[in-house]
Every structure is written in C-alpha cells, then in structure tokens.
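Novice: okay, predicted coordinates and the sequence, questions at the end:
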Amino acid sequence: MRPKAELHLHIEGTLEPELVVELARRNRVDLPTFDVEAIRARYSFANLQSFLDVYYENMAVLRTEEDFYDLASAYLRRAAEQGVRHAEIFFDPQAHLSRGVPMDVVIGGLSAALKDGEASSALILCFLRDRGAEEAEQVLRTALAYRDHFIGVGLDSAEVGYPPSLFRRVFDIAAAEGLHRVAHAGEEGGPDYVWEALDVLRVERVDHGIRAMEDPQLVARLREERIPLTVCPLSNVRLRAVPSLRDHILPAMLDEGLVVTVNSDDPAYFGGYVEDNYAALRRELGMTEEQLDRIARNSFEAAFAYEG
Ligand SMILES: Nc1ncnc2[nH]cnc12
Ligand SMILES: [Zn+2]
C-alpha cells in the first residue's frame, strides 16, 4: 500500500458506532438505540446539514480525557493500516465546550493519543462557522493556553450562508500567532467562497474546493500558487455534493495541474478510510497507479508538519 499523508480528517468523524455504544455505556449516556447496526442505518444523508445533525448528536458520548484519547488512538491505528505516515487532524472544540466539556479535556486527551501514536501527526483546531465569528475568537483565545498542542486553525460545519470573510479577524489573530490556516470552501458553497478563503483568510490549503473548478481564473490561481486542495471523494458522494464517484471532477483537477490530495473527512460516516478512497478512485474512475502516486506525493508536499 502506498505511503500517504492524511490532511482532511475530523477526529469526531472517526467515531464508529461501536465506540458510540461503548462510550455511552461507560459514561451512562442515554442513546435512542444501543444497536450498532441501527445507528449505522441512520447514515444516509441528503446534504451536509443532515450529516452534521447526526455527527453532533453522536458526540454527546465524548465526555472525558480518556474518551478523546481512545477516539484518537483508534483512528491512528486504522490510519496506520491504511498506509498513513502522517496525519493532520481536525478537531471541533466548540462542539464540546457547548456541552460543558472543557478545552483541557479535549486537547489533553487528543494530544496524549497523538504523542503515543506511531505515525507522525498534529492537530488543527477548527471553528464551527455557524456559531459565528465572535465565539470563534473566544475559542481561539482559550485555546492559546495550549498553543503548543496544535499547528493551525480551520473552518468547518455548515458552509452556505457563512462566508469565510466573516472570520477575517480570528484568522488574522491566528496568523499573528504563527498558526497555519485552512478552511472548508467550495464543498457546497461556490467559487466565491474559495476566493474569500484565499484573499481574506489567507489560507494555505483549501479543504474540498471541488467547486473551484467552476471558475477558470480561480483554477489558474490555485495552480500558479500551488495551493493544495484536500479532496474527499467518498464524502462528496455521501453528502451529495456529486451525484456519483464516476461524476467526480477529481481527475480533471489533476489534469489542470492542481495540487490535489485525497482524504477521508469523516470515515466512520462515509464508508471508508483514506486508502478506501484511493481504492474507490481506482475502481470507479479507472485512475491509474501513476495518478494515485502523484496524489500521494502531493499529500506529503501539502503537509505542514511532516518531517519524513
Ligand atoms: N465535510 C464537512 N464539511 C463541513 N464540516 C464538517 N465537519 C465534519 N465534516 C465536515
Ligand atoms: Zn471536512
């Protein structure tokens, strides 16, 4: 299996139904069902929001440092089996702070797991765009007490209606702190969101970015500046950003000379970890080994903190 880096992975999106049930029992959290297959049966999504509703609901089982440690350790084991040599891992502190789980529990558990893991890895703190810019700023200030535990900031959650430009100030603060910057843009939102992420937030990578392909000038900019795109093919199909894998624009992105990478996004929900995404591209789109090698090479080039 080819070595690769994974750069677009939400740690909360690796919460498999089996672990939901185990943590619910451990923490005495009531669930609508304790049947793993019944939980999995709900994972059919009409769009990003219908997924996010389930994603946030399931997180209620994450309570203690040990829970976050177990979650991240389980991902790192799976990732190693999938050829991941380096992972830059998103986490959503607001989804936990809003439930009364403090920052030190979240960062403490995740960082300890990353430290104990075999692969090289780092954390990227994401702001939930639908909770607004003011709260994002408060969260960043709280998190700066743990500045050494994360390498950058990102922007995720519901995209349309929450343009990147709303978050200019918090991204400026992050930049001044020497933090890397990424943002989800062009997943459901249009190319204008990708432009804003580049021009206003000064992002160094674009998460998803598939709709950038609708704007030739934007494509030229991404190519010329070698801005990497962290594309998540199985996620795009499951969230209906594309009708099927066969319709995915990823091969055209590569042909345009873009720095495309392949990632799993929320593998517990979308039917596959990162190598499963590579395999699906081979199977459904007939992508060649050379193309997949190039994507894997891109993933190391696009990493912020790989010291291989
Ligand atoms: N694909 C995605 N888009 C936006 N926010 C997310 N949070 C977790 N996965 C996400
Ligand atoms: Zn994502």
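Specialist: Sure thing, it's come through. Ligands and ions are numbered 1, 2, ... in the order given.
Novice: now the helices for the stretch 101-250 of the chain?
Specialist: Using DSSP state H, counting those that start in this stretch, the helices assigned to the stretch 101-250 of the chain run over residues 103-116, 133-143, 168-176, 191-199, 216-224, 233-238, 250-255.
Novice: out of the ones you listed, which is the most enclosed?
Specialist: Sort the helices of the stretch 101-250 of the chain by mean neighbour count, taking mean count of other CB atoms under 10 Å, and helix 233-238 sits at the top with a mean of 24. Heads up, the C-betas are built off the backbone N, CA and C, glycines and all.
Novice: that one close to ligand 1?
Specialist: Yes: counting by CB under 6 Å from any ligand atom, ligand 1 is contacted by helix 233-238 at residue 235.
Novice: elements contacting that helix?
Specialist: helix 267-270, helix 274-285 (3 or more CB pairs under 8 Å, 6 or more residues apart in numbering; DSSP states H and E).
Novice: swap in 10 Å and give it another go.
Specialist: Using 3 or more CB pairs under 10 Å, 6 or more residues apart in numbering; DSSP states H and E, the elements in contact with helix 233-238 are helix 48-58, helix 267-270, helix 274-285.
Novice: need the winner for burial among those helices.
Specialist: helix 267-270 (a mean of 26).
Novice: contact residues of this protein facing ligand 1?
Specialist: With CB under 6 Å from any ligand atom as the criterion, the chain meets ligand 1 at residues 10, 13, 48, 55, 156, 157, 184, 187, 235, 265, 266.
Novice: residues near the fifth one, how many?
Specialist: The tally of other residues near residue 156 (other CB atoms under 10 Å) stands at 26.
Novice: for residue 121, what are its contacts?
Specialist: Counting by CB atoms under 10 Å, 6 or more residues apart in numbering, residue 121 touches 5-6, 9, 72, 75-76, 79, 84-89, 110-111, 113-115, 305-306.
Novice: make it 6 Å
Specialist: By CB atoms under 6 Å, 6 or more residues apart in numbering, the contact list for residue 121 reads 87, 114.
Novice: which ones are touching residue 143?
Specialist: For residue 143, the contacting residues are residue 125, by CB under 6 Å, 6+ apart.
Novice: hang on, the earlier thing: export the helices of the stretch 101-250 of the chain to a markdown table and append columns for mean pLDDT and distance to residue 37.
Specialist: Formatted as a markdown table, those follow (pLDDT from 0 to 100; distance: least, CB to CB, whole Å):
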| stretch | mean pLDDT | distance to residue 37 |
| --- | --- | --- |
| helix 103-116 | 98 | 27 |
| helix 133-143 | 98 | 36 |
| helix 168-176 | 98 | 41 |
| helix 191-199 | 98 | 37 |
| helix 216-224 | 98 | 42 |
| helix 233-238 | 98 | 18 |
| helix 250-255 | 98 | 31 |
